[in-house]
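Turn this into a model:
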Amino acid sequence: MKTDEEIRRKLHAYVPLTKFLARFLGKHCEVVLHDVRDVEHSIVAIENNHVSGRSIGDPLKNLGRFFREHEKVSADLIKPRIVVDSTGRKRKTATHIIKDEDGDVVGLLCINVDLARFGELKDILEDYILGPGLTPRAEPELVGASEGEDDSIEDLTRSIIKDTIRNSPVPPSRMTPEEKMNIVEKLNGRGVFLLRGALGEVARLLETSENSIYRYLSKLTNNAGKSSSSHL
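Here you go, the predicted structure:
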């Protein structure tokens, strides 16, 4: 398993690419780099942020949807699609999935193109080409809000927990305490327990008590302390 510092360096290596893509694609294209290990402060770099109005440190709110749609995340990208935000503005968006050496998702590089100006150009061209009395073809079906404008933190937490448990070869009802502790360690590494109500939700989905989760976290903390002491 990669250390936090190694993952941080891997993600920050994408910052120059974030800037390059934004400059090349133009001011109507927002490019966002997310660290999915920190749900509440996932954005580590963003260019042309006037498209969505977000800033560094803002959350990736639809992480829950991401994990529901990509349970095992074998692909390297989420294909381009048209989305509509809460204000009715259309965007074309695509996402590159960043993984560590073990194949675990650690980041997302998202491109969001504001289609408002292109829509105006489309209307002008259709009016000129079709002329009066002719109707343009139907609009393509739109999917829900774009990344960053959906699920609540509670929904995201639940999705991350379920995804982590789902990837285990053994269901919770058959897990040993050691296997459950391993799940808790993975969730703790992703910052899940920093979110309100997460501990109770983990206990419920792992089919154990909250006291047991507290014990697992205490053991992990003690083990980390001993490991740090051994290197002093």
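
next structured bit after the lowest-mean-pLDDT helix or strand in the chain?
Ranked by mean pLDDT, DSSP states H and E, the weakest helix or strand in the chain is helix 63-69, scoring a mean of 53. Downstream of helix 63-69, the next assigned helix or strand under DSSP states H and E is strand 77-84.

who does that following strand touch, helix- and strand-wise?
Other helices and strands packing on strand 77-84, by 3 or more C-beta pairs under 8 Å, 6 or more residues apart in numbering; DSSP states H and E, are strand 90-99. From N, CA and C alone the C-beta is placed, and that goes for glycine too.

Please work out the angle formed by the directions of the strand it packs on and strand 77-84.
Counting by axes from the mean of the first three to the mean of the last three C-alpha atoms, to 10 degrees, strand 90-99 lies at 160 degrees to strand 77-84.

Can you tell me the strand partners of the following helix or strand past strand 90-99 and which way each runs?
Note on strand 90-99: by DSSP H and E, the next helix or strand toward the C-terminus is strand 105-114. Applying DSSP bridges, strand 105-114 is found paired with strand 29-35 (antiparallel), strand 90-99 (antiparallel).

Return the member of those strands having the minimum mean pLDDT.
Looking over these, mean pLDDT reaches its minimum on strand 90-99, with a mean of 86.

chain center to that strand, what's the gap?
Remark: strand 90-99 is offset 10 Å from the chain centroid, using C-alpha atoms, centre = their mean, to the nearest Å.

related to what we said a few turns ago, point out the most buried one among the strands paired with strand 105-114.
Among the strands paired with strand 105-114, strand 29-35 has the highest mean neighbour count (mean count of other C-beta atoms under 10 Å), at a mean of 25.

which residues touch that one?
Strand 29-35 is contacted from outside by 8, 11, 14-15, 18-19, 21-22, 25, 42-52, 54, 60, 106-114, 147-148, using C-beta atoms under 8 Å, 6 or more residues apart in numbering.
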